[in-house]
Every structure is written in C-alpha cells, then in structure tokens.
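A.B. asks: Here is a sequence together with a model predicted from it:
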Amino acid sequence: MSFTEFWNEFWERHDPDNVFAYSTMKVVKIRDRWLGLFHLAALLGITFYIVGIVIISRKGYLENGTPVGTVRTSLRMPFNTTIVADDYPYCQDPSPYPSMDPCEIWDDNDLLFPHAEESAMTATTRVAQTVETRDPKCVENNAKCKDSQTYTEESKRWYYLAGVESYTMRVEHSMLVPQFYFQDPSGAYAGAGVNMAGKMMRKGKVMSQDTVPSPSRDTKSPAYSMLYLSPSSLARKSRRALVIRVARRERAPFDLYPIHAERTDCSERSCPANQFSLYFVQSGEVYLNFVAGEPDQFTIQDLLNAAGVSLDDNSTSPTSDPGETWRHSGIVIEVIISYSNLNTFFGTTSRPEYTYYVSQVPDTEFKVVQPLYENRTSPSGTRIVYDRHGIRVVFTQSGSLGRFSMVSLLINFASGLALLKLATIVVDTLAIYVMKHKKAYRYYKYQYTADFSDLRDDNIANDIEKLKAYERTHDLDDEDYYKRREMKNRKSSARERPVNRESYGLDINLLSDDEDARR
C-alpha cells in the first residue's frame, strides 16, 4: 500500500473533528466537602511552604554570594607567664617513650614552622633532632656515594616542647563577595575581620558521669536518653574514643556524646562498672566572642577546647603506636570561618559577622622535616634535621552573604505558583481515578461537544437554540457515541469506495471474463 492510499484510508476511518479536537479549560464546581477540604488543605500547605519557608525562612528574596579572602596567622609566647618544663606531666613522665630527652622551651619563631603560610600554620609539639655528617665522597657535581647515602647519622635526640598550648595565636582575616563588591564597594559586602563581630563555636564540653543530668520522663524539664555500656563493652573500648550518638529527647537544649571511658584498676577483659569513669560531651555552645575593633587572639588551648580534643588523648591514626598521644604524633585541626549578613528572622545586617567552626580531622597525624646546614659546600659538612610533629591548623573561608533581589523573589514566587497548580492536578487525579465516586466526578469534569461537521452540515453551528435542541436529542456525554459515529463513517465509506482490484492481487482480465459469462 502506497503512502497516498494509506493517507486517504486513514482519514476515511477517522473523523478530523475528533483527531484535531481542542481541549479547553472549564471550571466545574463539584460540591463535595471532602474534595473541597482536601484541596483547601493542599493549597494552605503549599502557601505556607512558599511564603513561610521558601521566602521568609530560607530568604528566597535574597541573591546570595560566596565570599573569598585571605587569612594570616602569627604566634606569640605567653605574655607575663613563665613556662617551667617540670610543671607538665609529659615532661616528667614521657611514657610510653622512656627514652625521650628532657623537654625544651622554644620561642614563637622556633616553634612555628614553616613561616608565613597562607591560611595555615604549624606549631611544633615534638622534635626528633638528628645530627648528620656528609660523606666526603659525596660532593656536589662529583657524586660518588655508596648505596646513595650522602649523610651519616652522628647523634639523635627526641624531646617534647613544653607549654605549647599556652602560646597565643593571632588571626587576621578579610573577605569580599566579588559579584556584589564591584557593584557596591561599601563595607556591606567586604571588609577585614577586625571590623566585624564574631564568635567561636565549641564542638564539645567534657563532663564527667557525675555531672550529666539524670534521665527524666518529664517533658517540661530537659530530658536525655543516656547510653549505658556493659562492663565488657567498656573494657573493650576503654581508653579509646567512642563516637556514638546519644539520642536527644524532647526539649533537650544540647546533645550528649560519650567520648571515652577510662579504666582505673581492673583486668583487661572484665571490669566492674564502678571502676570506669565515663565522660560526655555537651555540644552546640558559643565558646568565645570577638568584638569589632579588636584583633582575634586566643591560645592554642582555646582552639583545642573548641575542637573537643586534647593533645594528651590517645592518637587514633592508623600509623601510631599503642599509647601514642596526639602530642607525639601530631594533629590536624580544621577551622572554618563562615561569614554571614543574614538576620535570624528577616532581612540582612549592615555589616557581616563571622563564626569559627573548629574540628579535628579524624585519624590524621602531621609532621614536617626541616634541615639546617652548617656548611653545605664542604665535603665533610654537617646538618641538623628537625623532624617536627605538631599542631597543623588549616583555615577555610566560606559562608553566604545576601542582598535583596526582585529576580530571586519572582523566581521563587513563580515556582510556588507551579506548586499550587500541582495541588489541583493531584486532587483531580484522586477524584477521577481513586475516590469512591470517581465515575460521577469524571462525568461532571469532562464535557463533550457535538461534532461540528454535523453542525455545519445542518447549518446550526451559530444558532444557540438549535444547538440546545441538538444536545437534548443526542447523548453528547456518552463516549460510545463517538465510537458509534466513527464506525458508521467507516461502513459508509467502505460502501462508497470503489474496489482497487490491483491492490488485492486480482487478475483483471479473468474477472472481466467471468462477468461477461454471467451476463
């Protein structure tokens, strides 16, 4: 069958008025309280989400920008404070490393290495100092070294640096939002941290088991779901950090986390419960506040407290030895400086504010090697290698600053209008496909018009009275009516259509002979 024959046959079998029927919107008021209440609830819920959450709570009327900037740090020895090495327990008893040499006291220039880093600093806590001598056969431009060993170790010392936690850090940071600043170069979207107010959040506050509030079922007072460990589990996890979330119950102002259980005096595999001291962490509180006009200064101990960690805690690094502390292996602290100019409820502030979020990078130790040469060019020159382990502090600047934008408001509002339309679609779908009276809902929702080919043939398309009479004599809402009309059209077109004998593979000459014989 050719395409032309297929095209003609298709339109003989299908009414063009049905194929190209136009579907238009019609408002049908279905007087059913359950459908109406469900639709009203959906509209109210979506309206609350758009206005209350998207526009007000999430500040959908603002255009947000990400700040960029710089951070510079410096370190100073304690002011008007004398550091005595014998006052520190790790200097008196350096176990589990009894071969450690006596502690040393370094000033801030020696303690800090590398110097003048961008957005980072390292304060040394332990040093492995090695004196090495160059092999005379290994000289520059004439390398003849046995087994590639250019230096030979002469002596080695291990020692801690006393009182590192009491040194003072000074942090100077600045930021700007590029897409806002070049349009409005005021202090609203750029500035130095010294001109802003800020705070440092504390990750955890250590509390002993005795100071933790007791569990309570009274919802009017703070209540906590405490975690009690069996003696066997405590023995297995003693002297190790337990990162286990304790479920917070209703109205609790903060979370509680068990951080470790210290075994006092009992065997390794079993221990009475009263021989353990449980410690918990209270989180989510402001640790330090910084006022505008003064630089940010705090001690290394403040930074460790904000991160909820101590240098004398056992290291969890995979490469650390049993009983090794963070002071010995080194530790990495991440400090996120988050900027914001958003008010708690509505609008923005005149100047940005910042918040320090301090945390420890888990299971990570840090060290850096510093070689110092006495005479590098001499064939028998010596060097001192300082293998430094310490506190690595890395700063990251982030946050979001906003300004009013009509475009953002209109985009969020238009998205909300689409959700309102979705509520109507969901209710319509439930009404005509799911609910008990779906047949009645479908009957009232969809209306079928008369076939306009018939109306034009009868010349009544523009006569409203004749149209109403036509509707009374024809069941237009019956879908089978149109199927019967199409079937009727097919039959009539089949009677009127001449037979194409070639298309059915008939021999025209033989058929003609038979007809002559019949005549």
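C.D. replies: Noted; the coordinates are in hand.
A.B. asks: Relative to the whole chain's centre, how far out is the host helix or strand of F6?
C.D. replies: In this structure, F6 sits in helix 3-13 according to DSSP states H and E. Offset of helix 3-13 from its chain centre (C-alpha atoms, centre = their mean, to the nearest Å): 59 Å.
A.B. asks: same thing with stretch 109-119?
C.D. replies: 32 Å.
A.B. asks: so how far is the first residue of it from its last?
C.D. replies: 18 Å (C-alpha to C-alpha, to the nearest Å).
A.B. asks: So Q397 is in contact with T66, correct?
C.D. replies: No: between Q397 and T66 there is no contact under C-beta atoms under 8 Å: 9.3 Å. Glycine gets a C-beta too; all of them are placed from N, C-alpha and C.
A.B. asks: Which of the two has more residues huddled nearby?
C.D. replies: More neighbours surround Q397 than the other of Q397 and T66, with 21 against 14 (other C-beta atoms under 10 Å).
A.B. asks: Mind telling me what element that one is part of?
C.D. replies: Going by DSSP H and E, Q397 is part of strand 382-404.
A.B. asks: low-confidence ranges in the stretch 401-519 of the chain?
C.D. replies: 474-519 (pLDDT under 70).
A.B. asks: The strand holding Q397: partners in the sheet, and parallel or antiparallel?
C.D. replies: When pairs are called by DSSP bridges, strand 382-404 turns out to pair with strand 62-65 (antiparallel), strand 120-134 (antiparallel), strand 331-342 (parallel), strand 367-373 (antiparallel).
A.B. asks: possible to save those as JSON lines with mean neighbour count, distance to L303 and mean pLDDT?
C.D. replies: Below are the strands paired with strand 382-404 laid out as JSON lines (neighbours: other C-beta atoms under 10 Å; distance: least, C-beta to C-beta, whole Å; pLDDT from 0 to 100):
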{"stretch": "strand 62-65", "mean neighbour count": "18", "distance to L303": "29", "mean pLDDT": "89"}
{"stretch": "strand 120-134", "mean neighbour count": "20", "distance to L303": "10", "mean pLDDT": "92"}
{"stretch": "strand 331-342", "mean neighbour count": "20", "distance to L303": "6", "mean pLDDT": "93"}
{"stretch": "strand 367-373", "mean neighbour count": "13", "distance to L303": "19", "mean pLDDT": "91"}
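A.B. asks: before we move on, what SS does the closest residue to P318 other than its chain neighbours have?
C.D. replies: The shortest distance from P318 to any non-neighbouring residue, by C-beta to C-beta, 6 or more residues apart in numbering, is to D363 (6.5 Å). Here D363 is recorded as coil under DSSP: H, G, I helix; E, B strand; the rest coil.
A.B. asks: Tell me how many other residues surround D363.
C.D. replies: 12.
A.B. asks: Assess the claim that it and T316 are in contact.
C.D. replies: Yes: between D363 and T316 there is a contact at 5.1 Å, judged by C-beta under 8 Å.
A.B. asks: Mind naming the longest helix for this protein?
C.D. replies: For the chain, the helix with the greatest residue count under DSSP state H is helix 406-433.
A.B. asks: That one vs strand 382-404, what angle?
C.D. replies: For helix 406-433 against strand 382-404, the angle by axes from the mean of the first three to the mean of the last three C-alpha atoms, to 10 degrees is 70 degrees.
A.B. asks: tell me which residues in the next helix or strand after helix 406-433 are buried?
C.D. replies: As assigned by DSSP H and E, the chain's next helix or strand after helix 406-433 is helix 438-445. Across helix 438-445, burial judged by 16 or more other C-beta atoms under 10 Å covers 441, 444.
A.B. asks: CA atoms only for the following helix or strand past helix 438-445, dumped as PDB, please.
C.D. replies: Downstream of helix 438-445, the first helix or strand assigned by DSSP H and E is helix 452-457. The C-alpha trace of helix 452-457 is given here as PDB (Å, rounded to 0.1, in the frame of the first residue of the first chain):
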ATOM      1  CA  PHE A 452     -19.100  20.400  14.300                       C
ATOM      2  CA  SER A 453     -19.100  18.600  10.900                       C
ATOM      3  CA  ASP A 454     -22.700  17.700  11.600                       C
ATOM      4  CA  LEU A 455     -23.500  21.200  12.900                       C
ATOM      5  CA  ARG A 456     -22.000  22.800   9.800                       C
ATOM      6  CA  ASP A 457     -23.900  20.400   7.500                       C
END
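A.B. asks: Helix 452-457 packs against which elements?
C.D. replies: helix 16-19 (3 or more C-beta pairs under 8 Å, 6 or more residues apart in numbering; DSSP states H and E).
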